[in-house]
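Novice: Sequence first, then the predicted structure:
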Amino acid sequence: MATCEHLAQAGDPPAKTPDGCEECLSLGWPWVHLRRCLECGHIGCCDSSPGKHATAHFHETEHPVIQSFQPGETWRWCFVDNELG
């Protein structure tokens with residue numbers, strides 16, 4: 001069970017770009033894995049991807065929690081508290 005308030009209060013917004021990382025799609029870049037922002041639904045690529053757009057989205061917006069957007073994965077991560085949920 002999540003112990004940080006951000007994980008406990010995270011929403012479940014629909015994905016803005018369900019076909020891939022929003023920025024990579026517009027730039028024509030590849031990505032490795034996808035992450036969904038649980039505040040606004042932004043889809044960004046993971047830190048193993050060249051753009052690291054999920055982390056960049058956090059730094060730009062301060063939206064604290066992402067969830068894996070990979071099929072079969074449900075884990076969530078809080079950037080603020082560095083906690084997996």
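Specialist: On my side now, so go ahead.

Novice: distance between the longest helix that the chain contains and the chain's centre?
Specialist: Longest helix in the chain, counting residues (DSSP state H): helix 53-61. Centre-to-centre, helix 53-61 and its host chain are 8 Å apart (Cα atoms, centre = their mean, to the nearest Å).

Novice: same thing with stretch 64-84?
Specialist: On Cα atoms, centre = their mean, the centre of stretch 64-84 falls 7 Å from that of its chain.

Novice: can you give me the strands for the protein?
Specialist: For the chain, the strands defined by DSSP state E cover 34-37, 43-45, 65-68, 76-78, 83-84.

Novice: Partner strands of the fourth one, with direction?
Specialist: Partners of strand 76-78 in the sheet, by DSSP bridges, are strand 65-68 (antiparallel), strand 83-84 (antiparallel).

Novice: Name the residues that touch that strand?
Specialist: 2, 4, 6-7, 10, 35, 38, 64-68, 83-85 (Cβ atoms under 8 Å, 6 or more residues apart in numbering). From N, CA and C alone the C-beta is placed, and that goes for glycine too.

Novice: Much appreciated, bye for now.
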